[in-house]
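1. need a structure here:
(one chain, ligands or ions: 1)
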Amino acid sequence: MVEQKNAVKGRSMKFSKMHGIGNDYIYVNCLEETVYEPERLAKKISDRHFGVGADGLILICPSMKADFAMEMYNADGSPGEMCGNGIRCLGKYVYERRITAKKELDIETKAGIRHLRLFANPKEKGRISMVEVDMGSPVLEADQVPVICEHTLAIDEPITVNGVEYRMTGVSMGNPHAVVFTNHVRGLELEWLGPAFEYHGRFPRRVNVEFAEVIDSATLKVRVWERGSGETLACGTGACAAVVAGVLNHLTEREVTVKLSGGELFVNWQKDTDKILLTGPAAHVFDGEYMIS
Ligand SMILES: N[C@H](CCC[C@H](N)C(=O)O)C(=O)O
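-> All right, here's what the predicted structure looks like:
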C-alpha cells in the first residue's frame, strides 16, 4: 500500500525537518514511506525557493546489520557516504518517536557502522538535545578507500586554485575533505572559491572543503563549502577532518572546539583508539507533508 501511494505522483509523503547547528536536512522515515527516486527528490525538496529548503535529504531505513541505516543525498541530488550532523538528528528522531527505546544505537552508513550516544534534555522529559557519534578513524591513505587524492598522504600539499597557491590536507571521514588553514575565514569569498576547489582536477570524486583558522590549540574557527550543497552553516565530518588536519600539521591538540557559522561542535580524536568522537546538538524544526511531483 505504502509503495503504491508514493509511486503515484500527486500523493503526499510525510517528512520532518531537523538540523545540527544549522546544517539542515529533510528526514523521511522509510520504515513507513517508500522513496523511489531519492536523487531527484533530494534536489527538488532541498530547493530553498521551490521546495521545502534544506542542505539535503536523509532517509531513515531498516538495516540487517545495525539498528537503522542512514542514506544521505546532497541538495544537488548527489549521494554522500556519511553525515555527522545528519546522523545525530537521526538518533534524536528514532528515539523521540519511540521507534526505539535505546539511547545507544548503531547506524549503518555507506562509510560503515557508526555508534551513537543520545543525551536527554534535562529540561524536557523524553527529549534528546545532544548526541555523540563515534565517527571511526580518519583515512589518510589513498589506496584504502575513498580518499580524495590519487597519491598517498596529502599533508600541507600545495594546490593552485583560481591562480592562487593554497596548502591543503586531505582527510577521508568516509567522505572526502580538503582542509585549508588560513588566517581570516570571515573574509573569504566562498561562493567563488568553494566551487573551484570542489571541481578541481585533484579531486576525482569532488570534495568538501574546510577553511580553518586556528584561534588557539583547542579552538578552530571553520567555514565549510560542501560537495553538492555549497556553503553550509556546519559540517560534522568537516569538523572532524579539520581537527585531524590540525593535529597532523601540529596546529591543534586532539580535543578541539570547532566554531562553525551555525554553532559549535566538539571533536575528540582519541589517541589510544584512533577513533574520533563528535558531539553536538540535534534539533527538530517541523513536520510536514510533501506532494510528490
Ligand atoms: N554536512 C555533513 C556532511 C555532508 C557531506 C556531503 N556534502 C558530501 O558530499 O560528502 C556532515 O555534517 O558531516
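2. the residue lying closest to residue 161 once chain neighbours are set aside in helix, strand or coil?
-> Nearest residue to residue 161 in three dimensions, chain neighbours excluded: residue 196, at 4.8 Å (CB to CB, 6 or more residues apart in numbering). All C-beta spots, glycine's among them, are computed from the backbone N, C-alpha and C. Taking DSSP: H, G, I helix; E, B strand; the rest coil as the rule, one finds residue 196 in the helix state.
3. so residue 196 sits against residue 162, correct?
-> Yes. Using CB atoms under 8 Å, residue 196 is in contact with residue 162, at 4.8 Å.
4. more neighbours: which of the two?
-> Neighbour totals were compared for residue 196 and residue 162, and residue 196 leads with 15 against 12 (other CB atoms under 10 Å).
5. not counting sequence-adjacent ones, nearest residue to the spatially most central residue of the chain?
-> The residue lying closest to the centre of the chain (CA atoms, centre = their mean) is residue 83, at 2.8 Å. Spatial nearest neighbour of residue 83, chain neighbours left out: residue 72 (4.6 Å); criterion: CB to CB, 6+ apart.
6. do residue 219 as well
-> With CB to CB, 6+ apart, the residue lying closest to residue 219 is residue 257, at 5.1 Å.
7. is the strand or helix carrying that neighbour up against the ligand anywhere?
-> Using DSSP states H and E, residue 257 maps to strand 255-260. No. Strand 255-260 stays out of contact with the ligand when judged by CB under 6 Å from any ligand atom, the minimum separation being 9.6 Å.
8. roughly how far is the helix or strand following that strand from the heart of the chain?
-> Using DSSP H and E, the helix or strand that directly follows strand 255-260 along the chain is strand 263-269. Relative to the centre of its chain, strand 263-269 is centred 13 Å away, using CA atoms, centre = their mean, to the nearest Å.
9. list the buried residues in strand 263-269.
-> Applying a neighbour-count criterion of 16 or more other CB atoms under 10 Å, one finds 263, 265, 266, 267, 268, 269 buried in strand 263-269.
10. the fourth one contacts residue 277, correct?
-> What that stands for is residue 267. Yes. Taking contacts as CB under 8 Å, residue 267 lies within contact range of residue 277: 7.4 Å.
11. could you pull out the strands for the stretch 151-293 of the chain?
-> Using DSSP state E, counting those that start in this stretch, the strands assigned to the stretch 151-293 of the chain run over residues 157-161, 164-172, 176-181, 208-216, 219-226, 230-232, 255-260, 263-269, 276-281, 283-291.
12. pick the most buried one from those.
-> strand 176-181 (a mean of 26; mean count of other CB atoms under 10 Å).
13. which strands or helices does it pack on?
-> Counting contacts by 3 or more CB pairs under 8 Å, 6 or more residues apart in numbering; DSSP states H and E, strand 176-181 packs against strand 164-172, strand 208-216, helix 236-248.
14. the last one to strand 263-269, inter-axis angle?
-> The reference is to helix 236-248. 50 degrees (axes from the mean of the first three to the mean of the last three CA atoms, to 10 degrees).
15. report the distance from helix 236-248 to the chain centre.
-> With CA atoms, centre = their mean, you get 13 Å for helix 236-248.
16. the first one too?
-> Its chain's average C-alpha position is 19 Å from that of strand 164-172, according to CA atoms, centre = their mean.
17. circling back: can you tell me how far the residue nearest to the centre of the chain sits from the ligand?
-> 4 Å (CB to the nearest ligand atom, to the nearest Å).
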